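Enquirer: Sequence plus the predicted model coming up.
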Amino acid sequence: MTSHVMPTYGRLAVTFDRGEGAWLWDENNKRYLDALSGIAVCGLGHAHPAVHRAICKQSEKLLHTSNIYRIAVQEQLADRLTEKSGMANVFFCNSGAEANEAAIKLARKFGHERGIDNPAIIVTDKSFHGRTLATLSATGNAKIQKGFEPLVEGFIRAPYNDIAAITAAIGQHPNIVAILVEPIQGEGGINIPADDYLNQIRALCDKHNLLMMLDEIQTGMGRTGKFLAYQHNGILPDVCTLAKALGNGVPIGACLASGKAASIFTAGNHGSTFGGNPLACSAALAVLETLDQDNLIASAEPKGQAICTGLAELLQNNCHIVEIRHKGLMVGIELDVPCAELVQMALVNGLLINVTQEKVIRLLPPLIIDDLQIKLLVETLAMLIAQFTDQLSPVSDHAA
Ligand SMILES: Cc1ncc(COP(=O)(O)O)c(C=O)c1O
C-alpha cells in the first residue's frame, strides 16, 4: 500500500498497537520486549499510569494558552528541573533539536555581548545534535549534512574525548565562545569518554570564559544512573539541553542555563508557540515525580551492569565482540563487523534493539525494566549475536 508520508525514514515493517511497561504489541497481537524505549524516550515504559493520569487530568482543564501569559504548570516544572539539576532557569520547547537551537542562540548572544561578531562553538566528531539546519551543522556526521549545504557556520570540530584537541582549537580561534558536547555519545556509538572529560571541559571553559554546553537529550532523565550525566562529575555546566525522556513520549524539550548563561536571553530573544504548554509540562512533572517515587534512577546502573555481565558471560568465546560497554542503561555492544541485520533478526524474535555506527548494537531499555525482562533480553540477544556471527564467512586471518 502506498503511504503518503514523506519517505524520510527507513522504517521496519511493523506497526505497534499498544504497550505496557517494557512490552509492546503489534497489530497481530505479537508481543515484543522493548530494549530501545523509542530511542531513550519512554524511560518509564509504555502507558505509564502516572503519565496517563496527568495528561487526562490536564486535558480536562486546559491544553494550551500561550507564552504571552503566565503558565503555572510550566513554572512548577521549571522549579522542579532547576532543583534537580542545580541550574538556574529553563526555556521550554518541543524537541531536542529545538533545545539545542536555543543553546546555540544563547552562545552566539553571549559572544556578541563580549564583542565577538562571528562567535564559534566547538563541537565534536560523531556527535548528534538534531536535524534542523543549525543542529545538523553542529552534528559530526557528513551523511546527515549531505545535500543540505550551505551549512550554518560557526562550528569548529574536534575529536571526541580529546582535551588536547579542544585546547588547541581554543588557541587557534579567538572567536570561540562555547563548547557543546554529549556526556556520552549515543548515535555516535555509545562512546563513553574518560571519567574526567567533563571536568576538564569545565576547567577550560572557566579559564577562557566560554560556555560549557551539554547535550543531555539522550543521557538525561536518569538514564546513566544520575538524573543528569554531569552529576557523576560534580560539576555544573552553563547550559544543558533535555528532551526525549522528559515527557515520556509527550513532546517537550528544555534548555537549562546557569550562572552567566542564565541572564543572556531577554524578552523577545527566543520563543515557541507550543513550548512549555500545560499538557507537555504536566506530563513532564509526572515523569519527574515517578522517577523519584520509584527510585528508578538508582536502579539504572545495576540494571545496565546486569545486562553487560550477562552478555559478556554468554558471549565470552565470540571473537567478533570488540567491547561491551555501558553507563547506567546506555549500553553498547561493539562488533568487528557491520551488524545492522541484527535489528530485523531481533524483531522477528520479539525484541527491539538498534544498531548505530554500523557495528554497535545500542540498547536503551526503559528504566522500569525488571530482572526477568533483563534475563530475556540478555538470552535472546546473545543467541541472536551468536547466530549472526556463526553465519559470517570465516575470518581469513592467515591471509598474507
Ligand atoms: C544527543 C541528542 N541530541 C539531540 C537529538 C535530537 O533530538 P530530537 O530528535 O528530539 O530533535 C537527539 C536525538 O536522537 C540526541 O540523541
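Expert: All right, it came through fine. Numbers count the residues shown, from 1 in each chain.

Enquirer: can I get the CA coordinates of the helix or strand where residue 334 lies in PDB?
Expert: According to DSSP states H and E, residue 334 maps onto strand 330-335. Taking C-alpha atoms only, strand 330-335 is exported to PDB below (Å, rounded to 0.1, in the frame of the first residue of the first chain):
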ATOM      1  CA  MET A 330      23.000   3.200  28.000                       C
ATOM      2  CA  VAL A 331      24.500   0.000  26.600                       C
ATOM      3  CA  GLY A 332      26.700  -0.600  23.500                       C
ATOM      4  CA  ILE A 333      27.900  -3.900  22.200                       C
ATOM      5  CA  GLU A 334      30.500  -3.300  19.500                       C
ATOM      6  CA  LEU A 335      31.200  -6.000  16.900                       C
END
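
Enquirer: And the host helix or strand of residue 136, what does it pack against?
Expert: Using DSSP H and E, residue 136 sits in helix 133-138. On a contact count with 3 or more CB pairs under 8 Å, 6 or more residues apart in numbering; DSSP states H and E, helix 133-138 meets helix 96-113, helix 142-145. All C-beta atoms are positioned from the backbone trio N, CA, C, and that covers glycine.

Enquirer: Only alpha carbons, please: show that helix as CSV.
Expert: Extracted in CSV, the C-alpha atoms of helix 133-138 (Å, rounded to 0.1, in the frame of the first residue of the first chain):
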residue,chain,number,x,y,z
LEU,A,133,19.9,23.5,9.9
ALA,A,134,22.0,24.7,12.8
THR,A,135,21.9,21.4,14.7
LEU,A,136,22.8,19.3,11.7
SER,A,137,25.7,21.7,11.1
ALA,A,138,26.8,21.1,14.7
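
Enquirer: List the buried residues of that helix.
Expert: 134, 135, 136, 137, 138 (16 or more other CB atoms under 10 Å).

Enquirer: got a list of contacts for it?
Expert: Defining contact as CB atoms under 8 Å, 6 or more residues apart in numbering, one finds that helix 133-138 is touched by 97, 100-101, 104, 121, 123, 127, 129-130, 144-145, 148, 151-153, 155, 180.

Enquirer: now with 6 Å?
Expert: The list of residues contacting helix 133-138 from outside it, by CB atoms under 6 Å, 6 or more residues apart in numbering, reads 97, 100, 101, 104, 123, 129, 144, 145, 151, 152, 155.

Enquirer: Over to stretch 121-129?
Expert: Identification of contacts with stretch 121-129 by CB under 6 Å, 6+ apart yields 100, 107, 135, 138-140, 155-160, 166, 169, 176, 178-181, 185, 187-188, 215.

Enquirer: Return the members of those residues classed as buried.
Expert: 100, 107, 135, 138-140, 155-156, 158, 160, 166, 169, 176, 178-181, 185, 187-188, 215.

Enquirer: For the ligand, tell me which of those residues show up nearby.
Expert: Filtering the buried ones among the contacts of stretch 121-129 for proximity to the ligand by CB under 6 Å from any ligand atom leaves 100, 187, 215.

Enquirer: ok, back up a step: mind checking how far the strand holding residue 334 is from the chain centre?
Expert: Strand 330-335 sits 15 Å away from the centroid of its parent chain (CA atoms, centre = their mean, to the nearest Å).

Enquirer: List the strands paired with that strand, with their directions.
Expert: Here strand 330-335 is paired, per DSSP bridges, with strand 321-327 (antiparallel), strand 360-363 (antiparallel).

Enquirer: among those, which is nearest the ligand?
Expert: strand 360-363 (10.6 Å; CB to the nearest ligand atom).

Enquirer: Tell me the helix or strand right after that closest one.
Expert: Next along from strand 360-363, by DSSP H and E: helix 371-390.

Enquirer: Please list the residues outside that next one that contact it.
Expert: 22, 33, 35, 306-307, 310-311, 314-315, 318, 320, 342, 345-346, 349, 351.

Enquirer: For residue 43, give me its contacts.
Expert: Contacts for residue 43 (CB under 6 Å, 6+ apart) come out as 221, 245, 366, 367.

Enquirer: hang on, it in a helix?
Expert: No. Counting by DSSP: H, G, I helix; E, B strand; the rest coil, residue 43 is not found in a helix; it is coil.

Enquirer: near the ligand, which residues of the stretch 151-300 of the chain?
Expert: Applying CB under 6 Å from any ligand atom, we find that the stretch 151-300 of the chain lies next to the ligand at 182, 186, 187, 215, 217, 218, 243.

Enquirer: Just give the closest residue to the fifth one, not the sequence neighbours.
Expert: In this case it means residue 217. Closest residue to residue 217 apart from its sequence neighbours, by CB to CB, 6 or more residues apart in numbering: residue 96 at 3.9 Å.

Enquirer: what about the one you found, distance to the ligand?
Expert: 2 Å (CB to the nearest ligand atom, to the nearest Å).

Enquirer: Let me know how buried that residue is, in neighbour terms.
Expert: Residue 96: 28 surrounding residues under other CB atoms under 10 Å.

Enquirer: List the contacts of it.
Expert: 130, 217, 243, 253.

Enquirer: Reformat those residues as TSV; add secondary structure, neighbour count and distance to residue 271.
Expert: Shown next, in TSV, are the contacts of residue 96 (DSSP: H, G, I helix; E, B strand; the rest coil; neighbours: other CB atoms under 10 Å; distance: CB to CB, whole Å):
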residue	secondary structure	neighbour count	distance to residue 271
130	coil	24	18
217	coil	27	20
243	coil	28	17
253	strand	28	13
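
Enquirer: any idea which of those is closest to residue 78?
Expert: Relative to residue 78, the closest of the contacts of residue 96 is residue 253; by CB to CB it sits at 13.3 Å.

Enquirer: Verify the contact between that closest one and residue 245 for me.
Expert: No. Judged on CB atoms under 6 Å, residue 253 makes no contact with residue 245 at a distance of 11.3 Å.
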